[in-house]
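# Provided below are the primary sequence and the corresponding predicted coordinates.
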Amino acid sequence: MNEKQQGCIQLKQTHPDLPPLNQSTISKIEAQYQEMGHVRKVPSKRQAVVDNDTKLNLLLAPEENPITPARQLARDIGSFFVITSAVLKHEKVDVMIAT
């Protein structure tokens, strides 16, 4: 029996209330500890996927009416405000961030 199998068994005996871990989970935890020095959960930095049509609409709309607030712009094109503001910020487009 290898160390990971023994670790699974020991964890199950010590903490029967926890869901069982398999060897791959222990390997991932071990790899994270080796790489980062801790096993805390690290938040992912996912980018919102925005299709090209939506992005194009977002970039063209302020040119048509530059005083349109970002929230209204998001409503007009059927997008979320968070996505709208992230795209505009990434593309360095200045719009009002009023409600």
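Happy to help now that I have it.
# got the buried residues for stretch 19-29?
Buried residues in stretch 19-29, counting neighbours by 16 or more other CB atoms under 10 Å, are found at Leu21, Ile26. Bear in mind the C-beta positions are built from the backbone N, C-alpha and C, glycine included.
# chain center to it: distance?
If you compare the mean C-alpha spot of stretch 19-29 with that of the full chain, they lie 23 Å apart, counting by CA atoms, centre = their mean, to the nearest Å.
# who touches that stretch?
With contacts defined as CB atoms under 8 Å, 6 or more residues apart in numbering, stretch 19-29 is touched by Lys4, Gln5, Gly7, Cys8, Leu11, Lys12, Val39.
# can I see the domain layout of the protein?
In the domain annotation for the chain, the residue ranges read 3-36, 52-90 (automatic domain parsing).
# With mean pLDDT added, can I get those domains in TSV?
Listed next are the domains of the chain as TSV, based on pLDDT from 0 to 100:
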stretch	mean pLDDT
domain 3-36	83
domain 52-90	83
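# and those, which is most packed in?
domain 52-90 (a mean of 15; mean count of other CB atoms under 10 Å).
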